[in-house]
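J.: Next one to model:
(one chain, ligands or ions: 1)
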Amino acid sequence: MTDGLAGLLRERYGDAFRLQRLDGELDENFLAEPARPGAPKTIFKLMRPGCAPEFVALQIEALNHLRRSPVGQLVPQVLPTLEGGGFFETKVNGTPRIGWMISRLPGVLLSARGRMHARLAQGIGESFGRLDRALEGFDHPLLSRPLKWDLRAAGWIQAHVGLFEDPQRRSIVGRIAEAFGSTLAPRLDALPQAVLHNDGNDANLFLDEDDRLCGIIDFGDMVRSARIAEVAIASAYVLMYAEDPLHCAAAALRGYHLAHPLTEAEIEAFWPSLLTRLAVSVTNAELSRREHPENPYLQVSMRPAWSLLFRFHDVDADALSARLQEACQARTMPASPVASRLTRRSRHFASNQRLSYHEPLLAVRGERHFLFDRFGRRYLDAYNNVPHVGHAHPHVAEAVSRQLGQLNTNSRYLTDEMLDYAEALSARLPDPLSQVFLVNSASEANEVALRLARAATGAKDMVVLEHGYHGCTTGALDISPYKYAHPTLHGAPDWVHEVPQPDLYRGRFWRSHPGDTAPYLSALDQILESIAALGRGVAGFICECLPSVGGQIVLPPGYLRSAYARVRGAGGVCIADDVQTGLGRLGGSFWGFEPQEVVPDIVVLGKPLGNGYPLAAAVTTPAIAEAFAEGPEFFSTFGGSSASCAAGRAVLEVLKREDLPARAKSVGQQLSDGFRALAGAHPSIGEVRGMGLFWGLEMVSSRAERTPDAARAASLKRALYERHILIGTDGPDDNVLKIRPPMTFDHEAAAHLLSVLSDVLDTSAP
Ligand code: PMP
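T.: The predicted model follows:
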């Protein structure tokens with residue numbers, strides 16, 4: 001076909017061209033290379049069948065008008081035919097078609113460059129401002145034609161909201177459509193109107209080598225509409241490439257305002273207009289997807305628009321509008337609030353004090369199982385187990401602040417707070433766990449546990465579980481394979497012995513002994529024997545009740561009972577690190593060691609005890625405490641402070657009053673059913689394990705090989721974050737989705753998590 005067209009072009013333009021087909025939605029575009037040496041390449045456009053000549057004439061007149069204006073260099077030049085017209089009419093395979101030719105602009109498309117920053121965003125805004133000013137004297141009857149991309153006409157999406165199957169997608173587009181109809185549409189009609197390019201999308205903007213806008217193409221959606229739509233539409237695409245989208249939105253708007261000043265009312269309409277454009281795009285794509293289900297690209301192409309909608313649909317519009325007004329009025333572009341905080345952070349905090357997420361959460365408030373950021377967005381917290389009875393629980397806050405205002409002293413004085421708390425805590429623990437050491441962190445509690453074990457046994461050697469984690473202090477690190485295995489550390493000290501983690505799904509013996517706990521116990525026997533062979537005793541065995549960084553592992557039934565018997569037989573004590581799973585998290589049992597039907601000699605508690613107020617404990621038997629008491633005085637300055645005890649007691653009270661362990665049980669059942677149903681539909685979920693409000697979903701690339709898929713886990717975590725749900729990833733291969741929300745997590749929260757997780761599993765890249 002290109003041969004025929006080349007002949008046609010020779011006739012019409014007097015030159016021989018070699019044609020190469022380019023992308024095009026409905027019209028056909030070709031790169032035309034003239035045979036004449038040194039002549040620049042051009043673009044030949046063969047319009048879709050049925051295209052009206054007036055429509056091409058509109059674009060040609062607009063381009064000719066702009067070429068004579070101060071933005072002339074930004075737009076292509078229309079090449080005249082030999083007869084002097086801008087286009088020609090012909091027939092291709094018997095069908096009437098219109099052809100025309102334009103100069104080729106330099107640079108690369110924004111879609112190909114794929115990055116965005118505030119300077120570029122401002123430049124794009126500014127160029128559109130200059131373009132619109134240059135279009136002020138231009139007119140054409142077709143500029144008032146009906147057009148689905150005219151933002152004032154966006155109300156058409158309302159009729160299609162029901163197309164979206166996912167409830168969250170439906171609700172987002174529904175709310176934007178509703179707000180458009182009730183408030184934005186009348187506002188847009190009343191705002192200044194102008195002739196607009198109306199399609200500043202990423203495939204229409206050219207950038208030069210210095211990342212500056214150097215060209216704007218495709219004038220086919222030109223329309224007379226509300227002027228603010230121009231920069232709102234271009235910004236919708238700018239944001240898709242921005243690391244800090246709101247900052248880039250402000251920059252683009254500021255750029256436009258500098259070139260072509262906007263009214264306050266227009267600035268106010270900017271953000272809702274941008275959201276409306278995104279809603280129009282995704283609705284249009286959904287309609288096309290249903291028309292062409294065979295084309296998977298249609299689904300993928302909308303991911304960036306959806307991503308923006310999920311992340312920003314509920315940004316507090318008033319706060320944002322104030323920021324946008326400020327960005328437009330300020331003499332220089334105000335710094336990005338996120339970037340400036342990151343700079344401040346980097347001045348004082350080493351880089352191994354990591355932040356979660358590529359785009360960090362700037363949280364300002366918490367309530368129950370929700371966090372709120374500075375833009376007013378609400379996040380469902382399915383990850384944090386420290387705010388055990390819910391973020392900022394009023395009863396805990398009140399108890400702590402009352403105590404702080406009255407007395408906050410230490411364990412050397414006789415205080416009722418310490419007595420009350422020790423009694424309340426030990427009342428919940430099985431006999432003979434009655435001796436309480438109150439400290440400030442679980443790391444410190446594990447340090448105490450180590451000392452207790454040594455005092456009780458006179459031995460030093462410890463047996464630990466592969467991948468275990470017990471804290472960040474030097475002694476706790478020594479018994480934490482998860483940390484000491486790091487290449488910069490020195491590995492296990494000679495008094496620490498690792499046993500394989502009894503992970504029946506992917507542990508060391510899953511292939512050779514599927515479903516069998518025995519080899520893990522034999523490995524423990526061998527370790528105990530090897531310690532004896534060295535002529536040394538065993539101080540103890542420490543194991544998390546449900547190993548968390550090990551991958552949210554549920555220990556096989558009977559494992560701890562058998563392991564404890566062996567360790568005790570070798571003279572050691574048994575330490576249960578119940579930092580992650582205590583206080584009712586598992587639903588059916590109040591303590592993490594209960595499902596294993598054991599009572600440890602020492603239990604270590606931390607994270608949830610004070611609902612975020614520093615409070616941790618090592619609780620042991622009278623016999624072990626007595627042996628320890630023969631040593632030097634035990635004193636930890638803040639340990640057992642009146643305020644921390646008030647926090648601890650308030651947490652126990654709320655757990656009881658709000659019946660949260662029972663809630664954890666029933667919500668846990670809902671999660672269990674839901675996760676298992678998802679695993680049934682998605683082979684990438686290799687195993688679902690957990691209980692109550694403590695879950696791990698093991699992501700694999702091959703079910704048969706159980707190959708860990710950390711990339712998939714990370715992308716799911718990120719996709720959930722975009723949709724304002726917090727979870728984590730963990731495990732030796734970081735491929736396990738980690739879900740352990742505050743205990744207030746209710747059926748509604750669980751249903752939402754399951755519904756979004758289902759959608760994300762369907763739509764995020766495998
Ligand atoms: N033990 C376990 C099982 C833990 O998960 C943690 C913390 N993640 C700790 C101990 C140490 O707790 P902290 O950071 O409060 O000292």
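
J.: count of residues packed around the residue in the stretch 201-350 of the chain that the ligand sits nearest to?
T.: Ranked by C-beta to the nearest ligand atom, the top residue of the stretch 201-350 of the chain for proximity to the ligand is residue 349, at 16.3 Å. Any C-beta I mention is one placed from the backbone N, CA and C, and that applies to glycine too. Here the count is done by other C-beta atoms under 10 Å, and residue 349 has 11 residues near it.

J.: which residues sit in contact with the closest residue to the ligand within the stretch 51-200 of the chain?
T.: For the stretch 51-200 of the chain, the residue positioned closest to the ligand under C-beta to the nearest ligand atom is residue 168, at a distance of 31.0 Å. Going by C-beta atoms under 8 Å, 6 or more residues apart in numbering, residue 168 touches 310, 723, 755, 756, 759.

J.: dump the residue contacts of the third one.
T.: Under the criterion of C-beta under 8 Å, 6+ apart, the contact partners of residue 755 comprise 166, 167, 168.

J.: For those residues, please prepare JSON lines with the additional fields distance to residue 406 and secondary structure.
T.: Converted to JSON lines, these look like this (distance: C-beta to C-beta, whole Å; DSSP: H, G, I helix; E, B strand; the rest coil):
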{"residue": "166", "distance to residue 406": "51", "secondary structure": "coil"}
{"residue": "167", "distance to residue 406": "48", "secondary structure": "helix"}
{"residue": "168", "distance to residue 406": "46", "secondary structure": "helix"}
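
J.: Which helix or which strand is home to residue 760?
T.: Here residue 760, judged by DSSP states H and E, is contained in helix 747-763.

J.: Now that helix: average pLDDT?
T.: Averaged across helix 747-763, pLDDT comes to 96.

J.: Pull out the buried positions in that helix.
T.: For helix 747-763, burial by neighbour count (16 or more other C-beta atoms under 10 Å) applies to 749, 750, 752, 753, 754, 756, 757, 758, 759, 760, 761.

J.: ok, now stretch 330-349?
T.: When neighbours are counted by 16+ other C-beta under 10 Å, the buried residues of stretch 330-349 are found to be 333, 334, 336, 338.

J.: how much space between the last one and residue 697?
T.: As defined by C-beta to C-beta, to the nearest Å, residue 338 lies at a distance of 30 Å from residue 697.

J.: just the first one next, same as before
T.: Applying C-beta to C-beta, the value for residue 333 to residue 697 is 43 Å.

J.: now the second one
T.: In this structure, residue 334 and residue 697 are separated by 42 Å, where distance is defined by C-beta to C-beta.

J.: wait, what's in contact with residue 652?
T.: Neighbours of residue 652 in contact, by C-beta under 8 Å, 6+ apart: 424, 425, 428, 583.

J.: What is the nearest of these to residue 369?
T.: Using C-beta to C-beta, residue 583 is the member of the contacts of residue 652 that lies nearest residue 369, at 15.6 Å.

J.: doesn't that closest one fall inside a helix?
T.: No - note on residue 583: no helix contains this position according to DSSP: H, G, I helix; E, B strand; the rest coil, which reports coil.

J.: Tell me who's in contact with it.
T.: By C-beta under 8 Å, 6+ apart, residue 583 lies in contact with 388, 590, 605, 608, 609, 651, 652, 655, 743.
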